[in-house]
Structures are given as structure tokens and as C-alpha cells.
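>>> missing the sequence, but the structure's below:
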DNA sequence: CGTGGCCTTGACCATCTGGTCAAAAACAAT
DNA sequence: ATTGTTTTTGACCAGATGGTCAAGGCCACG
């Protein structure tokens, strides 16, 4: 029943397996589109067994989402107010793009949730996320006022970084359909975004 | 049964009502998350009545999607190869942003579909969409080669416009959560994106 | 070994959901 | 009004789905 924090190693392992399978399925079909049977098949466990480790389908989803939120904000947390402004921001863009490359499923899980109005994340957005963004926006505003980068709205600058980088994970099918069997979209994007933000930010 | 093309005015009206309700519900919950009961309630019609006008739930979805595709590409179609390059591209950005403002539901419907791998649109993306994008990309490449705009990859330029403008419709909840009860996000974005693309494109 | 607790699952259940159908209501044309 | 057609819906169905449960399997530890 309880098993708040996984104790035995078999528990840790199975919870891990289940979350991995759930991520795969949720990110591909959305919460509603995913079924316990799909997740069970993907995890190689029986359906009642899933529910031995998680109280409900929703619990799996929530667990994924809150684990994700942390990882997701890391690149922004790493933005160093004491560094060289343009270099810092370009590095942030690269880190974010790297996440789209390495964790596209996580990105899509997030996207699915937000697009549908973030029914299970409203709170986290308005507190955790907003707090961090406001903090970093203040840093960026400082740089702008000191004339070290161009004078742009810090919040929209951050939005633009999110939009541009996550686009390559979330809209991957579209990007590939349009580019055709060309080279790796994200590698191309890396160069394009470098140019874009260099030009935008130059004081 | 048949009713290929709505004939009577009552048919036209009811199909319209149903599609409007379906758009509302699909865009908010995704295809799988939407139920015929929700759509029926939203439309103020009985469930069997919906199925009198559309053969299935999927038919409603497909109808919406294909109607949408057209509207969605209009702004890009309007990009005039004979116009002044920077002005044309900035106008495109503004038209696209305008669509995010006026048709956020359509944008989210689209986003939902693409994020989940576009199971019902693959074809359209690889043909209709790709064709138009390639055509306009060629125009933009021409401008770049003639030195009339900066030398950027046309495809990724178009992606960046999509990403930045649709972000304000698709991720509206997040944008508002972060900005707090501030002014209209899209109006702010209009100015920000103007600056961004002006700087990016200057030869 | 034996035994107590952890882990696993086949069978089952209630509910939801897309879709059917036959009959009633509304309407149109004579 | 009468009759034939279109529209509408209450009742119903089969399959899917989240979740339960009791019984059996497995493992660690004495």
C-alpha cells in the first residue's frame, strides 16, 4: 500500500521501469490517449502490477510531470548573472536545444500538458516556474540596462528561446516532413539559432 | 446517410454548429480526450444527432483538420516574392501572430495533432505543406543570395516564425502564468518579434 | 527448510464511450 | 389535411478502460 519512498531495490527498479514506459506512452498519446494496458505492455509488467506501484494512472502522470519540471528548468538555473551576457544567453540556447535532442519525449509530455491548459500543472507554473523566470528576467534586464546586450523584453526573450528550441522536439514530425530526408534538423538549428540570437542581442 | 455536400440550410447550419463545438472540445482535450457527449453538450444537440451529420467522431476531426490546413497556410501563401523582402517577412510574422490571436483554438488543434505524431496528417504535411514551404523557401533564398536580406537558412527561418508566433497560442497558459496579470501577451510579442526579425534579417 | 511478508497476476467489475436503431417529431409539398 | 421525407432522440449495445481482489508465487531471514 503505502510505499511512499521506494525501499527495496526491486521497488526502485520497477517504479523506474514503469515511469520509463509511462513516459514513452504518455508523450506519444497524451494522458487520455494512453491506456494502462499500453503502459503495462511497454513496461513488460501486468496491469495490476502497475497499480501495485502507483495508486492510479494519474499518479504516474503527476510523478513524471513533477520529476520533469526540475530537469526542465536546469538550463535556465544555470544562467549565470556574473558571466558575459551574450555568451551566457547563447549557452542557454544551446543547453535548451540539447534537451530537445536528448529528451524529446519529456518535451512532448510537457507540451501535451500545456497545450491542453496544464490541468495538472497550473500551480507549478504560477509559482516555481514564474519565480525562476522572474529572477532570471531581472538579471537579463540588468544586462540590457547596462547596455551589455540589446534592449529587449527579458520575458519575451526567454519565451522566444523556449519556443524556438522546443519546437524541434515537439513539432519534430512537421519539421522532418518539410525538410525531407535532409541532415539532422537540430544540428542545423544550432547554427541558425546561434546567428539569430547573436544578431538580436548585440548591443 | 449520404449527405456528401450539405444541401438544405438546416444541414449547413447544423454541420457548422457541430464543427464549432468539436473545435472547442478537440482543441481543449485532444482527439482522444474529447467525447461525443462533450461535443453534443457544447453544440446543444443530442449525440445521435451528431452522428446523423457526421459518420463518426473521427470524421469530425478530419473535417476540421483539412479545413484548417487551408486557412493555416494563407499567411505564407500571401508572401510576395516581388515585394520588399524585409517588409514582406515582417508582414508574414504579423499575419501569423494575428492568427494566434484570432484562432488560438485552431492553433491548439493543430499542435495537439502534430505533437502526437500527426497520425491523421502525415500525408498533408509531406505534400501540401512541404510543397508550399519549399516554394517560399526558394523565394527567400533568392533574396538572401541577392544580398537583400541576411544570409539565413530559409527553412529554419520559416520554422522560427512558426515556433515564435504559435507559441503564444499553444502555450498561452504558460505565458500567462509567467507574465502574471500583465498586459496582452500578443501585443507585447508583436513588438518583440518585430525587433527580433528586423535585426536578424538586416543584410 | 519453514514461514512471514513482499510481489505478481488471472479473473472480474463498474463505468465510460463510440456507435446503432427504431420510432417519434418536424417539416414540405400537394 | 395527407402523405412522404428529413430531422431528432430515448433506449440500447459491444468493446474498451481504470481499477479491485483474492489467491498464488517468490524471497529473505531465522
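Nice, thanks for sending it over. Every value quoted in this text rests on a predicted model; they were computed, and no experiment measured them.

>>> Tell me the spacing between residue A:101 and DNA strand C.
33 Å (C-beta to the nearest atom of the strand, to the nearest Å). No exception for glycine: its C-beta is placed from N, CA and C like everyone else's.

>>> That residue contacts residue A:186, correct?
Yes: under the criterion of C-beta atoms under 8 Å, residue A:101 makes contact with residue A:186 at 4.8 Å.

>>> okay, and the common contacts of those two?
residue A:168 (C-beta atoms under 8 Å, 6 or more residues apart in numbering or on different chains).

>>> ok, residues contacting stretch A:130-149?
Counting by C-beta under 8 Å, 6+ apart, residues outside stretch A:130-149 touching it are A:73, A:76-77, A:79, A:81, A:85-86, A:89, A:150-152, A:154-155, A:157-158, A:201-203, B:177-178, B:180.

>>> Is DNA strand C within reach of the helix or strand where residue A:76 lies?
Following DSSP states H and E, one finds residue A:76 within helix A:57-77. No: Helix A:57-77 lies out of reach of DNA strand C by C-beta under 7 Å from any atom of the strand, never closer than 13.0 Å.

>>> now swap in stretch A:39-46 and tell me
Yes: using C-beta under 7 Å from any atom of the strand, stretch A:39-46 reaches DNA strand C at A:45, A:46.

>>> Are any of the contacts of stretch A:130-149 buried, and if so which?
A:76, A:79, A:85-86, A:89, A:150, A:152, A:154-155, A:157-158, A:201, B:177-178 (16 or more other C-beta atoms under 10 Å in any protein chain shown).

>>> Using TSV, lay out the residues you listed together with pLDDT and secondary structure.
Formatted as TSV, those follow (pLDDT from 0 to 100; DSSP: H, G, I helix; E, B strand; the rest coil):
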residue	pLDDT	secondary structure
A:76	98	helix
A:79	98	coil
A:85	98	helix
A:86	98	helix
A:89	98	helix
A:150	98	coil
A:152	98	coil
A:154	98	helix
A:155	98	helix
A:157	98	helix
A:158	98	helix
A:201	98	helix
B:177	97	helix
B:178	97	helix
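
>>> Residue B:21: which of these is nearest?
Closest approach to residue B:21 among the buried ones among the contacts of stretch A:130-149 (C-beta to C-beta): residue B:177, at 27.4 Å.

>>> In contact with that closest one, which residues?
A:118, A:122, A:125, A:126, A:129, A:130.

>>> just the residues you listed that are near DNA strand C?
Okay, of the contacts of residue B:177, nothing touches DNA strand C (C-beta under 7 Å from any atom of the strand).

>>> Now intersect those residues with the strands, please.
Among the contacts of residue B:177, DSSP state E puts none in strands.

>>> now the residues you listed: which count as buried?
Buried among those by 16+ other C-beta under 10 Å: A:118, A:125, A:126, A:129, A:130.

>>> So what's the residue count around residue A:133?
22 (other C-beta atoms under 10 Å in any protein chain shown).

>>> go on, residue A:195?
Neighbour tally, residue A:195, other C-beta under 10 Å: 15.

>>> Can you check the pLDDT for it?
Confidence at residue A:195, expressed as pLDDT, is 98.

>>> you'd agree it is up against residue B:160?
No: assessed by C-beta under 8 Å, residue A:195 is found out of contact with residue B:160, at 10.5 Å.

>>> DNA strand C contacts on chain A?
A:3, A:8, A:10, A:11, A:14, A:45, A:46, A:47, A:48, A:49, A:52.

>>> PyMOL command to pick out the buried ones of the residues you listed?
Buried members of the residues of chain A next to DNA strand C, defined by 16+ other C-beta under 10 Å, are picked up in PyMOL with:
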select buried, chain A and resi 14+45
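
>>> pull the longest helix from chain A.
Criterion DSSP state H: the longest helix present in chain A is helix A:9-33.

>>> is it true that residue A:105 touches residue A:22?
No: using C-beta under 8 Å, residue A:105 is not in contact with residue A:22; the gap is 10.4 Å.

>>> Compare neighbour counts for these two and give me the winner.
residue A:22 (26 against 18).

>>> Disregarding flanking residues, what is the spatial nearest neighbour of the more buried one?
residue A:60 (4.5 Å; C-beta to C-beta, 6 or more residues apart in numbering or on different chains).

>>> Report the contact partners of the one you found.
A:18, A:19, A:22, A:26, A:39, A:50, A:54 are the contacts of residue A:60 under C-beta under 8 Å, 6+ apart.

>>> Output those residues in a markdown table; the columns should cover distance to residue A:64 and pLDDT.
Formatted as a markdown table, the contacts of residue A:60 follow (distance: C-beta to C-beta, whole Å; pLDDT from 0 to 100):
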| residue | distance to residue A:64 | pLDDT |
| --- | --- | --- |
| A:18 | 10 | 98 |
| A:19 | 6 | 98 |
| A:22 | 6 | 98 |
| A:26 | 7 | 98 |
| A:39 | 11 | 98 |
| A:50 | 13 | 98 |
| A:54 | 10 | 97 |
